[in-house]
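Student: Fold the following for me, if possible:
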Amino acid sequence: MITYFIIFLMLAAGVLIYLMFAPVSPQQSLPKRPEFPIRGINMRGLTDEDLGFFQGTVRCDQNEYDKFALAVYSSTGKHLGYLPRGREALFNAIAAQGGVIPCEGTVEKGDDDKREFYYGYVDIDSIYTKFC
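Tutor: You can find the predicted model right below:
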């Protein structure tokens, strides 16, 4: 009986040691922040000076095309585009917080056989993950 107990303790200690030192993947350690493509970015008159990482804001921007539009602005106040449609709950959450939240993202330049174009992504604060 004592030998079974000793074997059990040794197994339990081994499992505990493994769990303490097992590697944790990044997906397990941090929740993913919502990332959205920036829509309408090629209609904003961007230049190569706008390329790269930016910090800015996402603002509620009701307009004739989308009454729940969420506009993306750089820290210099340049309108970069919009979050994709269909984010009514996120719009309402941001409106309840004063209509503006911080964001960060990137603007890149690409090309295909016919033209050059800009594209970008924006991350918003993870507090709004449940609305995305």
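Student: Do me a favour and average the pLDDT over stretch 69-78.
Tutor: Throughout stretch 69-78, pLDDT has a mean value of 93.
Student: So what's the gap between the helix or strand where V58 lies and the chain middle?
Tutor: For V58, the host element (DSSP states H and E) is strand 52-60. Averaging C-alpha coordinates over strand 52-60 and over its chain gives two centres that are 11 Å apart (C-alpha atoms, centre = their mean, to the nearest Å).
Student: and it, which strands flank it?
Tutor: Sheet pairing for strand 52-60, assigned by DSSP bridges, gives strand 70-74 (antiparallel), strand 100-111 (antiparallel).
Student: residues in contact with the spatially closest residue to G99 that is not a sequence neighbour?
Tutor: Spatial nearest neighbour of G99, chain neighbours left out: C60 (4.4 Å); criterion: C-beta to C-beta, 6 or more residues apart in numbering. Backbone N, C-alpha and C define where each C-beta goes, glycine included. Going by C-beta atoms under 8 Å, 6 or more residues apart in numbering, C60 touches A69, L70, A71, F91, I94, A95, G99, V100.
Student: if we can go back for a sec, so which bits of the strand holding V58 are buried?
Tutor: F54, G56, T57, V58, R59, C60 (16 or more other C-beta atoms under 10 Å).
Student: which of these lies closest to G110?
Tutor: Nearest to G110 out of the buried residues of strand 52-60 is F54 (C-beta to C-beta; 17.1 Å).
Student: quick one, strands of the chain?
Tutor: 35-37, 52-60, 70-74, 79-82, 100-111, 116-124 (DSSP state E).
Student: Need the ones you listed in TSV (columns: distance to I2).
Tutor: Putting those into TSV (distance: least, C-beta to C-beta, whole Å) gives the following:
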stretch	distance to I2
strand 35-37	57
strand 52-60	63
strand 70-74	67
strand 79-82	70
strand 100-111	60
strand 116-124	58
